[in-house]
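1. sequence and computational prediction follow.
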Amino acid sequence: MWKPPERIRHLSSRGLTPSRDQAQQSLLFSPLCHGPLTLHHRTWVPAMVPWRSNEEGELTDEVLEWYARFAQGRPGAIVVEATGIRDIPSGPLLRIGDDRYVDGLSRLSRAVHTASGGHTRLFIQLIDFLRIRRRPEPRVFFERHLALTPALLARAGLEQLPEAQARQALFAAGPENWRIWLGAADWESLQFGARERVNDLHLPHIRQLPAELPGLFAAAGKRAKDAGFDGVELHYAHAYTMASFLSATNTRDDGYGGSREERARLPLEVYAAVRAATGKDFVVGCRYLAEECIAGGSSLDDSLWFGRAFARAGMDFLSLSRGGKFDDAKQPAIGQAAYPYTGQSGYECMPQQWSDHLGPFGRNRAATRSIRQAIRSDGLSTPIVCTGGIHNFAMAEAMLAEGCCDLVGTARQSLADPDWALKTWLGRAEEVRTCEYTNYCEGLDQKHKQVTCQLWDRKDLNEPGLRLSRDGRRRLVAPRWKPEEELQFELQSNPQSNLQSNLQPDLRPRLPSSAPVATPTSSPALS
C-alpha cells in the first residue's frame, strides 16, 4: 500500500468511557426515524468483504456466522458485503443475480434479526463490476493476448512476417521496445492486466450498460426484499461500475458521461428502477465517494452536487467513503490482479496508524459535513453516514453533535470488537477492544484470504466447535462477549417492544420532534 512520506505514528484509544447513564442519554444511542429507515440507535457497520462465500457465490456457514457475530453486538444497522447483481463467476463473493440465491439469503436475514434480538436492521450492498484480468507473463501476453493490429506491426516494422513469427519477434524485442511500440491500452494490459472501463464504447456490452443495469439492480433489489432484508445499499463507490459512471474520468459521449448531469444519469435511473421494484416502504440508499482522491477525478464539488441530486430523488440514506480506485493502484505481481487500495486513493479509503499530519482518524469527516450541510440547505433531511477511522464513543458523539453526520459507520472498529456498541451502551466501554489500525485485515483482503482481526484471531483456538481458517491457524469470528447474568436478562427481555418504543421520537424529548432525523447541536454525554 502507498505510504505517506511524513510517517507519523497515530495511536488509537478508547477515549472517554461514558457511564451507562451517559451512554443511554447520548446522541449515538438515540433512535433515528426517516421514512422507512428506522434504527434503534446510530451505530452502523459498513459493508466488508470477508471472503467466506464459495465459487458459486452462495451463503455458507462461515458467512452466516460472520454476520451473526456482528449482530450479537446489536448495532443499529449492518450492511452485508458487496454482493454481485449478475450471475457470473466472481470468486468467493456473495451473489444475488438469480432467484436461486433467495433461500440462502433468507437464512442470513433471519440469523441476523434473531442474533440481534430484533434490534439490528440488515441491508445488503448491491454491486456491479467490470472485467479485470491478472497481470500476464510477458511471453503469454505476446503469444496469446496481444491483438496484432496493422498499426502495431507498422510501428515495429514487422508487417511482412507471419503472425507466429511477428509475435515471437515482438516478445524478443524486450521492454524498451515494448514501451515504444505498444499502444497505451496494450501497455497497461501487459503491466497491470487488462481492465475494462465504462469509456470502452467500442465494446458492445459496455455501450449497453445504461440499458442493462437498471433492470439488473432492480431484480436484485426485489430478491433482497423477498429474502427478508430491511433494505439495500447501492454500491456507487470506489473502483466499480457505478462509481466509474459518476467519476470525472467518465467521458462517454452517449448521454451518460461528461457533465455532472450526464454522469449522474445512470445512477439515478438505477435508483428509480430499484425503488419501483421494491416499493416506498423498503429502504434504498447508496454509498458513494466524498472525494475520489485521484488526478482528474471527481472533487468535493462534484460530490456535493451528486449528494443533493440523490437526496432530491428520494434516497433513504447516503453513506460516504473516499478513494479506493484502480487509477493509481500499484503494479501487481505477475499472476495477480490490480488491487484498488494500494495507491494513494486506497490509503485515503483505509489509512493506517502510520500516517501524515492529518492522521488516519476521521479523514472523511470534513467532506461528509460539507455534503450534509449542502443537503440540509436544500431543506432535505436525508440521513448521512460518515465512515473512516472512527473507533470510540467520544469521536462518534462529537461527529453527531457537530452536524457532520446522522449515523456513524465503523468497519475496522466493529471487526476489532463486534460488541463495542453494546459494551458502550451498557456502561462497559472500558472493556472495548480498540482497533489499532495496523491494517492486518486489509492485508488479508488483498490476498483474498478470510478476513479476521489480529486482536482476536489467535485466541482460544481450542474452543469447542470453533471454525478455523483454511490454514487452521486463525479463528473466523471474535470470541463471544459474556456480560453479567443480569445484563443478559435485561437485553433479552421483550426486545421487540423495547425497540418499537425507542423508535418513537416523541418519547425522547431531547430529539426535535419536528425533525426526528436531525442531530442536536450539543451532547449531554460530552458536556
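-> Perfect, I can see it now.
2. which parts of the stretch 151-300 of the chain are helices?
-> All helices of the stretch 151-300 of the chain, identified by DSSP state H, counting those that start in this stretch, fall at 163-173, 175-181, 184-192, 204-207, 209-226, 241-246, 260-263, 265-278, 300-313.
3. buried ones in the fourth one, by neighbour count?
-> In terms of neighbour count (16 or more other C-beta atoms under 10 Å), helix 204-207 has its buried residues at 206-207. Glycine gets a C-beta too; all of them are placed from N, C-alpha and C.
4. ditto for stretch 103-111
-> Applying a neighbour-count criterion of 16+ other C-beta under 10 Å, the buried positions in stretch 103-111 are 104-106, 108-109, 111.
5. just stretch 328-346 next, same as before
-> 328-329, 332, 337-346.
6. that stretch spans what distance, first to last residue?
-> End-to-end distance for stretch 328-346, by C-alpha to C-alpha, to the nearest Å: 8 Å.
7. burial count for the residue nearest to Leu153 when sequence neighbours are not counted?
-> Distance criterion C-beta to C-beta, 6 or more residues apart in numbering; nearest residue to Leu153, sequence neighbours excluded, is Glu159 at 4.8 Å. Number of residues near Glu159 (other C-beta atoms under 10 Å) recorded here: 11.
8. now Glu442: which helix or strand?
-> helix 440-446 (DSSP states H and E).
9. for the nearest residue to Arg265 once chain neighbours are set aside, give its distance to Gln208.
-> Distances taken as C-beta to C-beta, 6+ apart place Tyr256 nearest to Arg265, at 5.5 Å, with adjacent residues excluded. Tyr256 sits 11 Å away from Gln208, going by C-beta to C-beta, to the nearest Å.
10. before we move on, what about Asp87?
-> Relative to Gln208, and taking C-beta to C-beta, Asp87 is found at 17 Å.
11. wait, a helix at Ser106?
-> Yes: looking at Ser106 with DSSP: H, G, I helix; E, B strand; the rest coil, it is inside a helix.
12. ramachandran angles for the residue lying closest to it once chain neighbours are set aside?
-> Leaving out its chain neighbours, the residue that sits closest to Ser106 by C-beta to C-beta, 6+ apart is Ala227, at 4.5 Å. With angles defined as degrees, to the nearest 10, Ala227 sits at phi -80, psi 0.
13. now for Ala227: which residues touch it?
-> 101-102, 105-106, 108-109 (C-beta atoms under 8 Å, 6 or more residues apart in numbering).
14. picking up where we left off before, how many residues are close by the residue nearest to Arg265?
-> Neighbours of Tyr256 (other C-beta under 10 Å): 20.
15. tell me the mean pLDDT over stretch 204-220?
-> Here stretch 204-220 scores 98 as its mean pLDDT.
16. actually, stretch 169-186.
-> Here the average pLDDT along stretch 169-186 is 96.
17. show me which parts of that stretch are buried, residue by residue.
-> For stretch 169-186, by 16+ other C-beta under 10 Å, it's 169-171, 178, 181-182, 186.
18. among these, which one sits closest to Val45?
-> The closest of the buried residues of stretch 169-186 to Val45 turns out to be Asp186 (C-beta to C-beta; 42.2 Å).
19. let me see the contact set for the nearest residue to the closest one once chain neighbours are set aside.
-> Spatial nearest neighbour of Asp186, excluding adjacent residues (C-beta to C-beta, 6+ apart): Leu146 at 6.2 Å. By C-beta under 8 Å, 6+ apart, the residues touching Leu146 are 152, 167, 170, 182, 186, 190.
20. how many residues are close by the closest residue to the third one other than its chain neighbours?
-> Leaving aside its chain neighbours, Leu170 sits nearest to Phe142 (5.2 Å; criterion: C-beta to C-beta, 6+ apart). Counted with other C-beta under 10 Å, residues neighbouring Phe142 total 22.
21. just use 603 as the starting number from now, easier for me
-> All right, first residue 603 from here; so that's Phe744.
22. returning to that earlier point: how about the helices of the stretch 753-902 of the chain, which one is nearest Leu629?
-> Per C-beta to C-beta, nearest to Leu629 of the helices of the stretch 753-902 of the chain: helix 902-915, 21.3 Å.
23. show me where the chain has strands.
-> Per DSSP state E, the chain carries strands over the ranges 610-611, 634-636, 639-641, 645-647, 679-686, 723-729, 833-838, 885-893, 920-924, 956-957, 986-988, 1009-1011.
24. how about the buried residues of stretch 930-948, which pair is most distant?
-> Ala939 and Gln946 (19.2 Å).
25. that older thread, quick check: the residue nearest to Leu772 touching Phe773?
-> Yes: using C-beta atoms under 8 Å, Phe744 makes contact with Phe773 at a distance of 4.0 Å.
26. quick revisit: which strands and helices sit next to the helix holding Glu1044?
-> Applying 3 or more C-beta pairs under 8 Å, 6 or more residues apart in numbering; DSSP states H and E, we find helix 1042-1048 packed against no helix or strand.
27. can you give me the buried ones in that helix?
-> Those would be 1042-1044, 1046-1048, for helix 1042-1048 by 16+ other C-beta under 10 Å.
28. where does pLDDT dip in this protein?
-> 1086-1129 (pLDDT under 70).
29. distance of the residue in it sticking out farthest from the centre relative to Ala756?
-> Computed with C-alpha atoms, centre = their mean, the maximum C-alpha offset from the centroid of the chain is found at Gln762, amounting to 51.5 Å. Gln762 sits 11 Å away from Ala756, going by C-beta to C-beta.
30. same question, Pro607
-> Distance, Pro607 to Ala756, by C-beta to C-beta: 43 Å.
31. without its sequence neighbours, what residue ends up closest to Trp668?
-> Pro652 (5.2 Å).
32. anything in contact with each of Gln762 and Ala756?
-> With C-beta under 8 Å, 6+ apart, Gln762 and Ala756 have no common neighbours.
33. the residue lying closest to Gln674 once chain neighbours are set aside: what's it in contact with?
-> Distances taken as C-beta to C-beta, 6+ apart put Ala717 closest to Gln674, at 5.2 Å, once the chain neighbours are dropped. For Ala717, the contacting residues are 670-671, 673-674, by C-beta under 8 Å, 6+ apart.
34. what is the nearest of those to Pro953?
-> The closest of these to Pro953 turns out to be Arg671 (C-beta to C-beta; 25.4 Å).
35. count of neighbours near the residue nearest to that closest one when sequence neighbours are not counted?
-> The shortest distance from Arg671 to any non-neighbouring residue, by C-beta to C-beta, 6+ apart, is to Val1079 (4.2 Å). When neighbours are counted by other C-beta under 10 Å, Val1079 registers 21.
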